[in-house]
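Novice: Quick check, what structure comes out for this input:
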Amino acid sequence: MAIIDYGANSAGSRNTFAVSGSQQLIFISGGTNANISTSANAVPVGSWVHVAFVLDNGTGYLYVNGVQMATGSLSSVNTPSNMQNVKIGERVSGASIPFHGKIDDVRIWDVARTATEIQNNIYDELCGQYPNLKLYLKLNEGIAGGNNTGLTSTIDDSGNGHTATLNNFSLSGTT
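Specialist: Predicted coordinates:
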């Protein structure tokens, strides 16, 4: 189930941050075999879970609820800098692997966050501007449990002016 997928559909340029069928948190860099994953059942089911992926000088780190769960070499990963083709809850292209669950408070940084930084902000909604925050979707728009059928996009709160288009949302009721 894709959490975030970004980049072009070419070797080393499309990167998928996802949860596997066995509740592993995984990062896959398309076509390069540069992949890392946690052990099975690392991502709890039925409760809110904070997950994070960090790429720092060719090394990848996966965090679940602020705890580092896996690390590995990702030296062949090409991270696109222009924020094109970012999808939340689905793959950019290729086979469909939609996320079946709820996603909230999506953040993309252009700097490697430390374990302490991740732990210090794990439950906080950010306010103000952060120099290295490139995309921040709070996903707080609309009225909880209400009719939001006119809502078609969400605004990036990073200050960088990105807009996200909502697709396949019910936009009404409790889902």
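
Novice: And the strands in the chain?
Specialist: Taking DSSP state E as the test, the strands found in the chain are 2-7, 14-19, 25-29, 34-37, 51-56, 59-64, 67-73, 87-88, 106-109, 133-137, 153-155, 163-165.

Novice: Now render these as TSV, adding mean pLDDT.
Specialist: Formatted as TSV, these follow (pLDDT from 0 to 100):
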stretch	mean pLDDT
strand 2-7	84
strand 14-19	86
strand 25-29	89
strand 34-37	88
strand 51-56	94
strand 59-64	95
strand 67-73	94
strand 87-88	84
strand 106-109	90
strand 133-137	88
strand 153-155	75
strand 163-165	76
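
Novice: Those strands: which one's closest to residue 96?
Specialist: Closest to residue 96 of these, according to CB to CB: strand 2-7, at 8.7 Å. Just so you know, the C-beta spots here come from the backbone N, C-alpha and C atoms, and that holds for glycine as well.

Novice: quick one on the thing from earlier: so can I have TSV of the strands of the chain showing mean neighbour count?
Specialist: Shown next, in TSV, are the strands of the chain (neighbours: other CB atoms under 10 Å):
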stretch	mean neighbour count
strand 2-7	22
strand 14-19	22
strand 25-29	23
strand 34-37	19
strand 51-56	19
strand 59-64	20
strand 67-73	15
strand 87-88	20
strand 106-109	18
strand 133-137	20
strand 153-155	14
strand 163-165	12
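
Novice: which stretch among the ones you listed comes nearest residue 173?
Specialist: For the strands of the chain, proximity to residue 173 was assessed by CB to CB; strand 153-155 is nearest, at 18.5 Å.

Novice: Could you check how far the closest one is from the centre of its chain?
Specialist: Centre-to-centre, strand 153-155 and its host chain are 16 Å apart (CA atoms, centre = their mean, to the nearest Å).

Novice: All good on my end, thank you.
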